[in-house]
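Student: Would you be able to build a 3D model of this:
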Amino acid sequence: MARLPLVKRMAYQDPLELMAKLCGKDKFLLHSGLVTEEIGRYSFLGCDPFLVLQAKDEKVTITEGNSEKLIEGNPIRELRKILQRFYRPLTAAVPFTGGAVGYFAYDLGWLFEELPHATDDDLKLPDFYLPFYDRVIVVDHFKKETLVFSHGFPLTDGEGESRAEMRIDELLKMLRSEHPSLEQITNEIAAGDLSSNFTRDQYLNMVRQGKEYIAAGDIFQVNLSQRLQVPLYISPWQLYLRLAKLNPAPFAAFLDFQPAAVVSASPERFMRLQGDRVETRPIKGTRPRGCNPIEDERLREELINSAKDRAELVMIVDLARNDLGRVCRVGTVKVPRVFRLEEYATVFHLVSTVEGTLSPALDICDLITASFPGGSITGAPKIRAMEIIEELEPTKRGIYTGSIGYIDFSGDADSNIVIRTFVIKNGTAYFQVGGGIVADSSPEAEYQETLDKAKALLDSLGKIGG
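Tutor: Down below sits the predicted model:
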């Protein structure tokens, strides 16, 4: 009997080149566009899932082949059932060989807590959309090799082996084709006029209202944002190519899904689960890159020595420790790195690492329930901050500040925080930018920080020279 999953090796190829050759439904690329010593070793690609799980509120849809099943109830419970049905231990030396890839929207948080409904759900996107892939392409950027895995699901035993062979051969044929080739990044105008769901004065007033809640003792910090939108004149994939060139990121993603396309250049890990080891990497504190090395060094020093930014990060680290403490073994939650400075194409960030050991008998579904959404994009205390966000922001966040990632058939998982991200629906690209508000925040400085964070996204919508 063949041992599943089947695996075939190929010569190392750029994930962007491979992605251009994929033809099929619900294509995805989890792209380590910025490879460092600690993160960014692997990129993952796939298409044509054998099952799609999606949910809106507590209405769950499971599409498998030509059948569609509608269920009323807790969507995380249905996710657990599917993961149990297709469980397979991870035997390969790579972290992901097949399983679910998709997004959890910020609004999924309403499933876990009693929260008000005050904002306009104008995009009406699913709370989560999770296709399950029986075959996955893995690009190892350290070993410089490409691996293709095929599990044979939803079939098992001998039928599963036959399907695994057929599916891997089909995918290899697709990847070895000469056409289509990677599109060239064009100089055409990418988008129309920019608009926001806030005027500048309205945003400044929202920050002042957030500070009033802090002064009243409701919260210590709240993350507030504005949503920008533009008519998009190029394809979502062409937009991803532009963004990947301008702003390579370790947790980037391109999702070509039925409800919407997603183009992400996220620098932030939300949650990783490997075996029983849990890790989250919250980001707080931002400075723009300078125009020259001297200015860069000044901005680095300014950020690393900023009492305000360090205080913000400490608050979010404490929140993350509390979230992990709900599901990790007592005494295992630790902070091995605090105030690490990371450099990206357009900004500097302060980053911490929080880790723990998951309690026995708990799984990724328990971890999601305990920790979602990430505290770095809500504020602290989390629930009260989310109530204030719902009051002050006019539209549902949707995918923004949710999470994109994978859940392996083994139950291991990794995901980002959805920031620096476009959501494209019906020819319009939406993107949201915000920041953490604390007691001594300047409304004008907070507004400027949103523009600093939007720079790479705005640049990708303009003209790019060869």
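
Student: What's opposite residue 279 in the beta bridge?
Tutor: residue 272, residue 355 (DSSP bridges).

Student: give me the number of residues near it?
Tutor: Neighbourhood size, residue 279 [other C-beta atoms under 10 Å]: 17. For glycine as for every other residue, the C-beta is placed from the backbone atoms N, C-alpha and C.

Student: does it really touch residue 352, like I thought?
Tutor: No: using C-beta atoms under 8 Å, residue 279 is not in contact with residue 352; the gap is 10.9 Å.

Student: The worst-scoring helix or strand of the chain on mean pLDDT pairs with which strands, parallel or anti?
Tutor: Ranked by mean pLDDT, DSSP states H and E, the weakest helix or strand in the chain is strand 283-288, scoring a mean of 87. Applying DSSP bridges to the sheet, strand 283-288 is found paired with strand 347-357 (antiparallel).

Student: tell me the average confidence for the helix or strand that the partner strand is followed by?
Tutor: On the C-terminal side of strand 347-357, the closest following helix or strand by DSSP states H and E is helix 364-371. Averaged over helix 364-371, pLDDT sits at 98.

Student: helices or strands up against helix 364-371?
Tutor: Here helix 364-371 touches helix 75-85, strand 269-274, helix 307-325, going by 3 or more C-beta pairs under 8 Å, 6 or more residues apart in numbering; DSSP states H and E.

Student: Relative to residue 14, which of these is closest?
Tutor: strand 269-274 (22.9 Å; C-beta to C-beta).

Student: Relative to the whole chain's centre, how far out is the closest one?
Tutor: Centroid displacement of strand 269-274 relative to its chain, using C-alpha atoms, centre = their mean, to the nearest Å, is 11 Å.

Student: For that strand, give me every contacting residue.
Tutor: With contact meaning C-beta atoms under 8 Å, 6 or more residues apart in numbering, strand 269-274 is reached by 39, 95, 250-251, 278-281, 358, 364, 367-368, 371, 374, 403, 405, 411-417.

Student: Please convert the buried members of those residues into PyMOL selection syntax.
Tutor: A single PyMOL command selects the buried members of the contacts of strand 269-274 (16 or more other C-beta atoms under 10 Å):
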select buried, resi 39+95+250+251+278+279+280+281+358+364+367+368+371+374+403+405+411+412+413+414+415+416+417
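
Student: now do the same end-to-end measure for stretch 90-100.
Tutor: End-to-end distance of stretch 90-100: 14 Å, with C-alpha to C-alpha, to the nearest Å as the criterion.

Student: Stretch 428-447 now?
Tutor: End-to-end distance of stretch 428-447 (C-alpha to C-alpha): 23 Å.

Student: So what's the residue count around the spatially closest residue to residue 200 that is not a sequence neighbour?
Tutor: In this structure, residue 200 finds its nearest non-sequential neighbour in residue 447, 6.3 Å apart by C-beta to C-beta, 6 or more residues apart in numbering. Close neighbours of residue 447, defined as other C-beta under 10 Å, add up to 18.

Student: ok, now how distant is residue 447 from residue 223?
Tutor: 14 Å (C-beta to C-beta, to the nearest Å).

Student: just so I know, which of the helices and strands packed on helix 364-371 lies nearest residue 6?
Tutor: Across the helices and strands packed on helix 364-371, closest to residue 6 is helix 75-85 (C-beta to C-beta), at 20.2 Å.

Student: The closest one packs against which elements?
Tutor: Contacts defined by 3+ C-beta pairs under 8 Å, 6+ apart place helix 75-85 against strand 51-56, strand 59-64, strand 99-104, strand 128-133, helix 364-371.

Student: got a list of contacts for that helix?
Tutor: For helix 75-85, contacts defined as C-beta under 8 Å, 6+ apart pick out 51, 53, 55, 58, 60, 62, 71, 99-100, 111, 127-128, 130, 132, 363-365, 368-369, 407, 409, 411.

Student: For ChimeraX, write the selection for the buried entries among those.
Tutor: To isolate the buried ones among the contacts of helix 75-85 in ChimeraX, judged by 16+ other C-beta under 10 Å, type:
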select :51,53,55,60,62,71,99,100,111,127,128,130,132,363,364,365,368,369,407,409,411
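
Student: how far is stretch 436-447 from where the chain is centred?
Tutor: The answer for stretch 436-447 is 25 Å, by C-alpha atoms, centre = their mean.

Student: Report the buried residues of it.
Tutor: Those would be 436, 437, 438, 441, 443, 446, 447, for stretch 436-447 by 16+ other C-beta under 10 Å.

Student: can you give me the mean pLDDT across that stretch?
Tutor: Averaged across stretch 436-447, the pLDDT comes to 94.

Student: Please name every helix or strand in contact with the helix or strand hosting residue 406.
Tutor: Using DSSP H and E, residue 406 sits in strand 403-408. When contacts are defined as 3+ C-beta pairs under 8 Å, 6+ apart, strand 403-408 packs onto strand 27-31, strand 99-104, strand 251-256, strand 261-266, strand 269-274, strand 413-416.

Student: Contacts for it, please.
Tutor: Here strand 403-408 makes contact (C-beta under 8 Å, 6+ apart) with 30, 44, 83, 90, 95-104, 130, 251, 253, 255, 262, 264, 266, 270-271, 364, 372-374, 413-418.

Student: For that strand, which strands pair with it and how are they oriented?
Tutor: Applying DSSP bridges, strand 403-408 is found paired with strand 99-104 (antiparallel), strand 413-416 (antiparallel).

Student: Residue 246: which of those is closest?
Tutor: Proximity to residue 246 (C-beta to C-beta) singles out strand 413-416 among the strands paired with strand 403-408, at 18.0 Å.

Student: Which residue ranges of the stretch 101-250 of the chain form strands?
Tutor: 128-133, 135-140, 145-150, 195-196, 221-231 (DSSP state E, counting those that start in this stretch).

Student: and those strands, which is most packed in?
Tutor: Of all the strands of the stretch 101-250 of the chain, strand 128-133 has the most neighbours on average by mean count of other C-beta atoms under 10 Å, namely a mean of 26.
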